[in-house]
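no sequence on hand, only this structure:
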């Protein structure tokens, strides 16, 4: 959506990967799904794509170093231009040829992009950093891990990259019933990685749980010099993708003692939520507000559908919400009213689709009063699927 001179333009394009083109020519799917992997043969896709994993730049988007990227889950991103035409895969000058994660973080103070990548073969976990100009300043640094884990998102503070290694194990050997397995007996481990590259990675063990997405984190330093990392996020009891066991969710605030190696988790709400976001100018710094999609009283709402937009006060835990009725809401994005305005001075924007009519809208809400009259409601020319990330 592009806003200019009082008008709004909507544009929607596919990321035209080689795999997509091959499947279009064949008129059918040639690769398996995420949890049902199949690698096509030379006869099916030709020598260049035979035996290769399918590019899936379908998770989120990013603007960094003067380029727009469509991001995949621990794989190479695809560059697109301002009009969303596909340029092609991007490996950051050959220095990150294995790709990056779907949710890297940009330090608003330095402009540095910090990312991680998990893999099916050693090293199972690495991290990297790209300067504000797009130049790689730290190529894949290994983080010691014993097997492949699925890790979707990360936290960034001024000094650290924080990774929650939840017990979601990946197995592509073909000997297991599922590619993705939930192993609660392994517990959850948290890696606190110094961004300076000096000093050891600190590991903190805790009970098993799952995290899809984080709101934000920041550091506090006590008089004795000890550091605590504060983080807010929706905590899930387990990874629902792994099996059909029911899951529960709640918004929590975690306090991570970096030196002492412990974590304390305080539950603030028991409603299922996801897609938390803050004012991006506050990433890695103290913040007051964050926004999530929720489904309080959602009843039989299926996974991935949300009928409430919530605004949490990170300091007090207080929550206000906008009930969406028949609308299903996606991830909300904060847009400031100006470069030097406060966290609650601006707008909260999201796509919402009416479950009854399938008509989609773009809602612009006043950040200080998300339950009040919208600043604008824009009728979109086509349905936009639920569950999309916002950027």
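Ah, there it is. Source: prediction; values computed, not measured.

what's the helix or strand for residue 271?
In this assignment (DSSP states H and E), residue 271 forms part of neither any helix nor any strand.

residues near it, how many?
By other Cβ atoms under 10 Å, 18 other residues sit near residue 271. In this view, the C-beta of every residue, glycine as well, is placed from N, C-alpha and C.

how about the contacts made by it?
Going by Cβ atoms under 8 Å, 6 or more residues apart in numbering, residue 271 touches 249-251, 294-296, 308, 310.

at 10 Å instead, please
Going by Cβ atoms under 10 Å, 6 or more residues apart in numbering, residue 271 touches 234, 249-251, 292, 294-298, 308, 310, 319, 321.

determine which two of those residues are furthest apart.
Using Cβ to Cβ, the contacts of residue 271 span at most 16.9 Å, a distance reached by 234 and 297.

more neighbours: which of these two?
Higher neighbour count among residue 234 and residue 297: residue 234, with 24 against 10, using other Cβ under 10 Å.

what strand or helix carries the more buried one?
strand 227-236.

next, name the residue at the spatial heart of the protein.
Computing the C-alpha centroid of the chain and ranking residues by Cα atoms, centre = their mean puts residue 103 first, at 4.3 Å.

elements contacting the strand holding residue 234?
Packing partners of strand 227-236 (3 or more Cβ pairs under 10 Å, 6 or more residues apart in numbering; DSSP states H and E): strand 155-156, strand 160-165, strand 188-194, strand 216-221, strand 249-257, strand 262-269, strand 273-277, strand 289-294.

quick one, which of the ones you listed is nearest to residue 1?
Of all those, strand 273-277 comes closest under Cβ to Cβ, at 16.5 Å.

strands paired with that closest one, and their directions?
Partner strands for strand 273-277, per DSSP bridges, with pairing direction: strand 289-294 (antiparallel).

next SSE downstream of the strand it pairs with?
Past strand 289-294, the next helix or strand by DSSP H and E is strand 308-313.

tell me the mean pLDDT over that following strand?
Averaging pLDDT along strand 308-313 gives 96.

note down every partner strand of the helix or strand just after it and its orientation.
Sequence order places strand 319-323 as the next helix or strand after strand 308-313, per DSSP H and E. Strand pairing for strand 319-323, determined by DSSP bridges: strand 308-313 (antiparallel).

how far does the partner strand sit from the chain's center?
Centroid displacement of strand 308-313 relative to its chain, using Cα atoms, centre = their mean, to the nearest Å, is 18 Å.

next: stretch 111-122.
Worked out by Cα atoms, centre = their mean, stretch 111-122 lies 13 Å from the chain centre.

so the residue of the chain positioned farthest from its centre is in which element?
Residue farthest from the centre of the chain, counting by Cα atoms, centre = their mean, is residue 43 at 36.2 Å. Taking DSSP H and E as the definition, residue 43 sits inside helix 42-45.

circling back to that earlier point, hang on, isn't the residue nearest to the centre of the chain packed against residue 154?
Yes: counting by Cβ atoms under 10 Å, residue 103 does reach residue 154; the two are 6.6 Å apart.

list the residues that contact both of those two?
Counting by Cβ under 10 Å, 6+ apart, the shared contacts of residue 103 and residue 154 are 115-116, 213-214.

picking up where we left off before, report the contact partners of the residue farthest from the centre of the chain.
residue 50.

who wins for proximity to residue 339 among the helices and strands packed on strand 227-236?
So among these, strand 289-294 is nearest, using Cβ to Cβ, at 17.8 Å.

for the helix holding residue 43, what is the distance to the chain centroid?
On Cα atoms, centre = their mean, the centre of helix 42-45 falls 34 Å from that of its chain.

in that helix, what's buried?
Within helix 42-45, the residues scored as buried using 16 or more other Cβ atoms under 10 Å are residue 45.

so which strand or helix has residue 23?
helix 18-26.

list the contacts of that helix.
Contacts for helix 18-26 (Cβ under 10 Å, 6+ apart): 14, 16-17, 29-31, 40, 44-46, 48-49, 52-57, 86, 88-89.

may I see the buried residues of that helix?
18-20, 22-23.

nearest to residue 229, of the residues you listed?
Lowest distance from residue 229 to those (Cβ to Cβ) belongs to residue 19, with 38.8 Å.

and the pLDDT for the nearest residue to residue 183 once chain neighbours are set aside?
Leaving aside its sequence neighbours, residue 183 sits nearest to residue 167 (Cβ to Cβ, 6 or more residues apart in numbering; 4.4 Å). You'll see residue 167 listed with a pLDDT of 97.

which ones are touching residue 29?
Contacts of residue 29 by Cβ under 10 Å, 6+ apart are 19, 23, 38, 40, 54.

repeat that for residue 226.
220, 257-260.

burial count for residue 383?
Around residue 383 there are 13 residues (other Cβ under 10 Å).

just confirm it is within a strand.
No: checked against DSSP: H, G, I helix; E, B strand; the rest coil, residue 383 lies outside a strand; its state is coil.

correct me, but it touches residue 360?
Yes: counting by Cβ under 10 Å, residue 383 sits close enough to residue 360 to count as a contact (5.1 Å).

list residues touching both of these two?
Common neighbours of residue 383 and residue 360 (Cβ under 10 Å, 6+ apart) are 351, 353-354.

now the helices and strands packed on strand 227-236 in a markdown table, with mean neighbour count and distance to residue 329?
Converted to a markdown table, the helices and strands packed on strand 227-236 look like this (neighbours: other Cβ atoms under 10 Å; distance: least, Cβ to Cβ, whole Å):
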| stretch | mean neighbour count | distance to residue 329 |
| --- | --- | --- |
| strand 155-156 | 26 | 24 |
| strand 160-165 | 24 | 25 |
| strand 188-194 | 20 | 29 |
| strand 216-221 | 18 | 20 |
| strand 249-257 | 20 | 16 |
| strand 262-269 | 14 | 17 |
| strand 273-277 | 23 | 9 |
| strand 289-294 | 26 | 5 |
